[in-house]
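Student: When you get a sec, could you give me coordinates for this:
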Amino acid sequence: MNTNIFDIAGSAMRAQTLRLNTTASNLANADSVAGRPEDVYRARHPVFAAALEGAVGRKSGGGFGVGVRGIVESAREPERRYAPGNPIADESGHVYASNVDVVEEMTNMMSASQSYRSNVELLNTARQLMLQTLRLGE
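Tutor: Numbering: from 1, shown residues only. The predicted structure follows:
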């Protein structure tokens with residue numbers, strides 16, 4: 001089994017990087033509008049799962065860590081705004097605003113950043129412990 005702490009922390013860091021990139025995309029599109037609700041940008045969120053492939057009852061293959069299941073769009077409805085002067089407004093004078101919640105996205109960004117930082121600290125600690133273990137034989 002591959003239980004290398006560096007692989008596990010690396011998979012967690014890759015997952016948090018994806019989360020940060022997705023959050024950045026959501027924030028960049030927070031103020032977007034469209035003339036139809038199906039055309040407006042919808043918030044996207046990554047879905048993660050523990051990667052335990054081959055871990056039970058096997059002596060080789062598989063690994064541990066964080067796996068990315070995919071990216072899902074928010075089911076929350078876009079906000080309907082009355083803006084008859086907007087050139088993309090529909091026939092009733094409405095535009096549809098993105099369903100991105102900026103406060104939620106900023107919270108996601110802070111959480112992902114902290115998780116990434118924690119994994120960096122884990123890697124540094126593991127490296128230091130390995131070096132100290134090697135020095136025991138001196």
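Student: and the residue sitting nearest the centre point of the chain, helix, strand or coil?
Tutor: Per C-alpha atoms, centre = their mean, the C-alpha nearest to the average position across the chain is that of residue 19, at 1.7 Å. At residue 19, secondary structure determined by DSSP: H, G, I helix; E, B strand; the rest coil is helix.
Student: Spatially, which residue comes closest to it, not counting chain neighbours?
Tutor: Leaving out its chain neighbours, the residue that sits closest to residue 19 by C-beta to C-beta, 6 or more residues apart in numbering is residue 112, at 4.2 Å. Bear in mind the C-beta positions are built from the backbone N, C-alpha and C, glycine included.
Student: That neighbour and residue 23 touch, don't they?
Tutor: Yes. With the criterion set as C-beta atoms under 8 Å, residue 112 and residue 23 qualify as a contacting pair; they are 6.6 Å apart.
Student: More neighbours: which of the two?
Tutor: In terms of neighbours (other C-beta atoms under 10 Å), residue 23 is the more surrounded of residue 112 and residue 23; the figures are 25 against 20.
Student: Look up how far residue 35 lies from that one.
Tutor: Counting by C-beta to C-beta, to the nearest Å, the separation of residue 23 from residue 35 is 26 Å.
Student: Equivalent analysis for residue 75, please.
Tutor: 21 Å.
Student: So what touches the host helix or strand of residue 45?
Tutor: Assigned by DSSP states H and E, residue 45 belongs to strand 44-51. Strand 44-51 is touched from outside by 11, 15, 18-19, 22, 25-26, 63-74, 108, with contacts defined as C-beta atoms under 8 Å, 6 or more residues apart in numbering.
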